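[1] Based on what follows, work out the 3D shape:
(2 chains)
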Amino acid sequence: MSINQEQVKHVAKLSKLSFSEEEVVGLTDKLSEIITMVERLGEVDTTGVAVTTNVIHDINVMREDVAVEGTDRDLLMRNVPTSGDGYIKVPAMLDNGEAGA
Amino acid sequence: MTELYSKSLKELQELLGKKEITALDLTKATFERIKETEPTIDAFITLNEEKALAQAAKIDENGIEAGSLAGIPIGIKDNIVTKNLLTTAASKMLYNFDPIYDATVMEKLYDAEMIPVGKLNMDEFAMGGSTETSYFKKTKNAWNQTKVPGGSSGGSAAAVASGQVVASLGSDTGGSIRQPAAFNGIVGMKPTYGRISRYGLIAFSSSLDQIGPMTRNVEDNAILLEAISGWDKKDSTSAQLEVPNFTEGINDGVKGMRIAVPKEYMGEGIAPGVRKAVEEAINKYKELGAVVEEVSLPHSKYGVEVYYIVASSEASSNLQRFDGIRYGYRSENVKDLEDIYVNSRSEGFGSEVKRRIMLGTFSLSAGFYDAYFRKAGQVRTLIKNDFDKVFEEYDLIIAPTTPTIAYGLGENITDPITMYMGDILTIPVNLAGLPGMSIPCGFSDEMPVGLQIIGKAFDERTMYRAAQAFETATDHHKKLPTILGGSN
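    Here you go, the predicted structure:
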């Protein structure tokens, strides 16, 4: 299948990315090419084949339930673009109701 | 001190151990070399000069034990997190990121008293095959500066091949250590998934990524792998296995070793010059006493398709963390919180990264998950099963590392599918979690050709033994680019 411009815009919204109309056109073409390539997998018979998502045997690793010292707040804030009083500052999210939340 | 830059890691160890040079001499010489060649190669994003010189002086003060790695300079791919040293992943998104912790591999290098001299250029977030998607610069191939160095560890490869550093760390998700190693005529190892902790490696595709060493010869590579391997409580995917001595038995040769050559890896699409060099390597292994036979890996031909679904899906999830809130680039063009996310990501990521996030989000989205992500996971199982079957009868697999030699800068950058196909011979190894390495095996049009050696899981020692046997019996690794004193 090919992907259309409306689908590209929907996926962009899910991805929290925005594209100009011109970019959407180019992206639609490139993604369609890639998706067409990927559809070659349809020719492989995978009936009854298990899915591999990781090559290791996942084992949950639990640490002892012991309190340890956390990271220094000043260090944590070192890369924050804007902060004040030890908090991360962002634009108000409630000014326009749910749209900003 | 002249020409320290052309020496091997082992030779430098000996000079330091015998006190014929000091760590400070070597570190100063390394920065001189980097400054002299950087305008030609453009391999580094950030240099660590002041701290490296201070570390070297301290190492000299404490004394260097013979045979240790103390005082050896090393370059680090810029997706490996380094405390108090900018880590950008070659992205505008992280152009100012100053980490507050070290990746586990960095802790291991510091424990060994190696000296990180700087952060190396790469494709943005390790997505690309030519280092042309970097936000900062375009690294050049050490052999011909009109050609790409490969990617995504192109900076790591070119820095080693041009003598800027004796060794570097790269990362490999679909071939990102082996392909640039092949393009630059050096040795690059992608170890078994789980051999090395990924803690502090900026995640691209978590089930595929693995850090590995890049060096100018096989033994140096084995020495470095040993230093950075091992279980890590901070990475639940790291293997709880003892780290072997990778140089032990490295000179035992390949007599009686059973080596497989997959017919699918030597088929159409392999450039004649690459095929010729690899066929000569196959004959060399036969001369050296190995049993070399043709086998089939029938599902490997679907590797690229599986990879682009798996890797993009995992990337779309991993890159959600770059939202402009806690670190990295934040757009100034914002009115509300949603704007921070969308505008920071749209302005901060480059086009290849955005394309992969989009593909990954699409494959994971409602209505498409079964047809794409699930299907890719099933074919991944078949690819892995093919390898398991071959390894029931053979010790190693050999093949070309790449279908072609390094291509021209700008030649393929607008054509993602052609670029993706450049990894067709390396990707299946990552999907199966196996170790793979590239060693120099000849030349085509005066550019290096890489031989790929694929091993059983956690059997890097056998790979090094086979690689060392080939290196000892041939002169390919001795031919050097002009920038390193050669005459190409």
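[2] Closest residue of chain B to chain A?
    In chain B, the residue that lies nearest chain A is B:G433 (3.0 Å; CB to the nearest CB). The C-beta positions use only the backbone N, C-alpha and C, and glycine is treated the same way.
[3] Could you double-check that that residue lies in contact with B:P191?
    No. Using CB atoms under 8 Å, B:G433 is not in contact with B:P191, being 10.2 Å away.
[4] Compare these two (neighbour count), which wins?
    B:P191 (26 against 22; other CB atoms under 10 Å in any protein chain shown).
[5] hang on, the more buried one packs against B:E460?
    Yes. With contact defined as CB under 8 Å, B:P191 counts as touching B:E460 (5.8 Å).
[6] shared neighbours of the two, anything?
    B:L225, B:P435 (CB atoms under 8 Å, 6 or more residues apart in numbering or on different chains).
[7] Contact residues of the stretch 101-250 of chain B facing chain A?
    Counting by CB under 8 Å from any CB of the partner chain, the residues of the stretch 101-250 of chain B lying close to chain A are B:Y193, B:G194, B:S207, B:K233, B:S236, B:T237, B:A239.
[8] so what's the last one up against?
    If you count contacts by CB under 8 Å, 6+ apart, B:A239 has them with A:I56, B:T192, B:G194, B:R195, B:W231, B:F458.
[9] Also the fourth one?
    Taking CB under 8 Å, 6+ apart as the criterion, B:K233 is in contact with A:V61, A:R63.
[10] And it, what's its pLDDT?
    On the pLDDT scale, B:K233 is placed at 92.
[11] tally of neighbours for B:Y101?
    B:Y101 has 16 nearby residues by other CB under 10 Å.
[12] from what I can see it touches B:T82, true?
    No. Counting by CB under 8 Å, B:Y101 sits too far from B:T82 to count as a contact (9.2 Å).
[13] and the closest residue to B:Y307 other than its chain neighbours, how many neighbours does it have?
    Leaving aside its chain neighbours, B:Y307 sits nearest to B:I427 (4.5 Å; criterion: CB to CB, 6 or more residues apart in numbering or on different chains). Per other CB under 10 Å, the neighbour tally for B:I427 reads 27.
[14] Give me the nearest residue to whichever residue of chain A sits closest to chain B, chain neighbours excluded.
    Residue of chain A nearest chain B, by CB to the nearest CB: A:V55 (3.0 Å). Among residues not flanking A:V55 along the chain, B:G433 sits closest, at 3.0 Å (CB to CB, 6+ apart).
[15] ok, that neighbour - contacts?
    Per CB under 8 Å, 6+ apart, neighbours of B:G433: A:V55, A:I56, B:T192, B:Y193, B:G194, B:K384, B:A457.
[16] and with 7 Å instead?
    A:V55, B:T192, B:Y193, B:A457 (CB atoms under 7 Å, 6 or more residues apart in numbering or on different chains).
[17] What of B:A366?
    Counting by CB under 7 Å, 6+ apart, B:A366 has no contacts.
[18] mind listing the helices for chain A?
    Per DSSP state H, chain A carries helices over the ranges A:5-14, A:21-38, A:73-76.
[19] which of the residues in the last one are buried?
    Using 16 or more other CB atoms under 10 Å in any protein chain shown as the test for burial, helix A:73-76 gives A:L76.
[20] One more: the first one?
    Along helix A:5-14, the positions that meet the burial threshold by neighbour count (16+ other CB under 10 Å) are A:Q7, A:V8, A:V11, A:A12.
[21] repeat for the longest one
    The neighbour-count check on helix A:21-38 (16+ other CB under 10 Å) flags A:E23, A:V24, A:L27, A:T28, A:K30, A:L31, A:S32, A:I34, A:I35, A:M37, A:V38 as buried.
[22] One more: stretch B:465-475?
    Within stretch B:465-475, judged by 16+ other CB under 10 Å, the buried ones are B:R465, B:A466, B:A467, B:Q468, B:A469, B:F470, B:E471, B:T474.
[23] And stretch B:388-395, by the same measure?
    Applying 16+ other CB under 10 Å to stretch B:388-395 flags B:V390, B:F391, B:Y394, B:D395 as buried.
[24] pretty sure B:V353 contacts B:G128?
    No. Taking CB atoms under 7 Å as the definition, B:V353 is not a contact partner of B:G128, at 9.1 Å.
[25] Now do the shared contacts for these two.
    Common neighbours of B:V353 and B:G128 (CB under 7 Å, 6+ apart) do not exist.
[26] just for chain A, where's the confidence low?
    For chain A, the stretches flagged by pLDDT under 70 are A:58, A:95-101.
[27] related to what we said a few turns ago, could you dump the buried residues of stretch B:465-475 into TSV and include secondary structure?
    As requested, the buried residues of stretch B:465-475 are exported to TSV (DSSP: H, G, I helix; E, B strand; the rest coil):
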residue	secondary structure
B:R465	helix
B:A466	helix
B:A467	helix
B:Q468	helix
B:A469	helix
B:F470	helix
B:E471	helix
B:T474	coil
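[28] Need the phi and psi values for B:G436.
    phi -140, psi 140 (degrees, to the nearest 10).
[29] So the nearest residue to it once chain neighbours are set aside: helix, strand or coil?
    Nearest residue to B:G436 in three dimensions, chain neighbours excluded: B:V429, at 4.0 Å (CB to CB, 6+ apart). Following three-state DSSP, we place B:V429 in the helix state.
[30] ok, so what distance separates B:V429 from B:T131?
    Using CB to CB, to the nearest Å, we find B:V429 at a distance of 21 Å from B:T131.
[31] cool, and B:Y308?
    On the measure of CB to CB, B:Y308 and B:T131 end up 19 Å apart.
[32] Could you check which of these two is surrounded by more residues?
    Neighbour count, other CB under 10 Å: between B:Y308 and B:T131, B:T131 has more, with 34 against 26.
[33] Point out where chain B drops to low pLDDT.
    For chain B, the ranges with pLDDT under 70 are B:1-2, B:488.
[34] And the strands in it, which stretches?
    Applying DSSP state E to chain B gives strands spanning B:44-47, B:73-77, B:115-120, B:167-172, B:187-190, B:210-215, B:258-262, B:291-295, B:396-400, B:436-444, B:447-455.
[35] can you redo these as a markdown table with mean neighbour count?
    A markdown table is the format used below for these (neighbours: other CB atoms under 10 Å in any protein chain shown):
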| stretch | mean neighbour count |
| --- | --- |
| strand B:44-47 | 21 |
| strand B:73-77 | 30 |
| strand B:115-120 | 28 |
| strand B:167-172 | 29 |
| strand B:187-190 | 32 |
| strand B:210-215 | 30 |
| strand B:258-262 | 20 |
| strand B:291-295 | 15 |
| strand B:396-400 | 26 |
| strand B:436-444 | 27 |
| strand B:447-455 | 28 |
